[in-house]
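J.: Dropping a prediction and its sequence here:
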Amino acid sequence: MSDEKMYQGNCFCGAVKFTVSNEPALMAYCHCDSCRHWSASPVSAFTLWKPDSVKVTQGVDNIGSYNKTPGSARKWCKTCGGHLFTEHPGMNLTDVSAAIIPDYHFEPVLHVNYQETVLRMKDGLPKLKDLPAAAGGSGLELPE
C-alpha cells in the first residue's frame, strides 16, 4: 500500500485532466509581468512540482504549448484555452496554477517578483524583490 498523496486537476472544460502527487516543492504568489499576462490577473498563485509528480490522465493530444523563453513551456487546453501548467526544465519543476487543483489546500509561503507588483498584499508573508537566491535571484526581501 502506498502513502502517496494524489490530487486531481483539470482545464476549464474538463477535456484535459491530470494528477499531481506527493507535495509541491513550493507554493507562492508571483507578481511578474509575464505571469500576470499569462494568468490575466494581478497576481498568480502557483505550486511547483517535480515533473514526475505531474501526470496527464486524459486529453494529452488536446494540450497546446508555447515557449516565450527557453526557460518555460506554457501548456493549455486547445478546446477551452484553460491554462494547465508551465514546465521549467532548467529548474526541473512544473508550475501548476493553484486554482486548477481544487482539492489541494494552497498554503503560500512567500511572494516572488514583488518589485513588479500591481497589487500590494498585506498578508505577513515575505515579499522577495525577484527570486530566492537558491533559484538564481537576489533573495532580497522588500517591505510589505
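T.: Structure's in. What do you need? Numbering: from 1, shown residues only.

J.: Mind picking out the helix or strand in this protein with the poorest mean pLDDT?
T.: Lowest by mean pLDDT, DSSP states H and E among the helices and strands of the chain is helix 33-39, with a mean of 91.

J.: List the contacts of that one.
T.: Here helix 33-39 makes contact (Cβ atoms under 8 Å, 6 or more residues apart in numbering) with P42, V43, S44, F46, K68, R74, H83, T86, S97, N113, E116, V118. C-betas here are computed from N, CA, C, even on glycine.

J.: Give the next helix or strand downstream of it.
T.: Sequence order places strand 44-49 as the next helix or strand after helix 33-39, per DSSP states H and E.

J.: helices and strands around that following strand, which ones?
T.: On a contact count with 3 or more Cβ pairs under 8 Å, 6 or more residues apart in numbering; DSSP states H and E, strand 44-49 meets strand 26-30, helix 33-39, strand 93-97.

J.: List the buried residues of that strand.
T.: By 16 or more other Cβ atoms under 10 Å, the buried positions in strand 44-49 come out as S44, A45, F46, T47, L48, W49.

J.: what's the average pLDDT for the helix or strand following that strand?
T.: Remark: after strand 44-49, the chain's next helix or strand is strand 54-58, criterion DSSP H and E. Mean per-residue pLDDT for strand 54-58: 98.

J.: strands paired with strand 54-58, and their directions?
T.: The partner list of strand 54-58 in its sheet, established with DSSP bridges, is strand 17-21 (antiparallel).

J.: In contact with T69, which residues?
T.: With Cβ under 8 Å, 6+ apart, T69 has no contacts at all.
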